[in-house]
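Trainee: my questions concern the predicted model and sequence given below.
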Amino acid sequence: MSDFIHQRHKPASEITQPRELIVACAPMRSNVNLSRIVRAAACCGVQKMIACGNPKIDPKIARDGINQIEILVRRSLPPVLKELQQQKYQLVGLEQTTHSQNMHTYSFPERAVLVIGNERKGITEEVLKLLDAVVEIPVYGMPYSYNAATATCMALYEYCRQYPD
């Protein structure tokens, strides 16, 4: 007999204080990607997210996450990122750039904004100029990059690994 008993929907792990992580998304082409990011961010205990453009979140994909996270809709990222910098948040982009750091060795600041670019265009030059750091996830095969929602989930997981409670 196995020692493993299947448990669906175990209670959420406790965190001792609210996470100081905000997820900020450029206008997304896919509502599926945005909805997956909402679900993952909520699962990670993120309390605030910024979605730019004309976001539509599918409640069937985001599930309970849509009710667990405050989603602020803004026209564009630069003004809100400048405001968050004034509030002492570190802006960390998730992108492949000339000087991006490997996420496996990067130490996330606890008070951070994780900036996610558009699926096709990535993070714009205007936003890149505002960032304090850029991290990328190594790719070991084709295609050359991960899907935006998948990469965001990986970065959220790494942040939570570094700050488990």
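Mentor: Cool, got the structure. Numbers count the residues shown, from 1 in each chain.
Trainee: which helices and strands does the helix-or-strand element of the chain with minimal mean pLDDT pack with?
Mentor: Between all helices and strands in the chain, the lowest mean by mean pLDDT, DSSP states H and E belongs to helix 65-68, at a mean of 90. With contacts defined as 3 or more Cβ pairs under 8 Å, 6 or more residues apart in numbering; DSSP states H and E, helix 65-68 has these neighbours: helix 31-43. (Each C-beta comes from the backbone N, C-alpha and C, glycine too.)
Trainee: list the buried ones in the helix it packs on?
Mentor: 33-43 (16 or more other Cβ atoms under 10 Å).
Trainee: could those be laid out in a markdown table, adding distance to residue 75 and pLDDT?
Mentor: Converted to a markdown table, the buried residues of helix 31-43 look like this (distance: Cβ to Cβ, whole Å; pLDDT from 0 to 100):
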| residue | distance to residue 75 | pLDDT |
| --- | --- | --- |
| 33 | 19 | 96 |
| 34 | 16 | 96 |
| 35 | 20 | 96 |
| 36 | 23 | 97 |
| 37 | 19 | 97 |
| 38 | 19 | 97 |
| 39 | 24 | 96 |
| 40 | 24 | 97 |
| 41 | 21 | 97 |
| 42 | 24 | 95 |
| 43 | 28 | 93 |
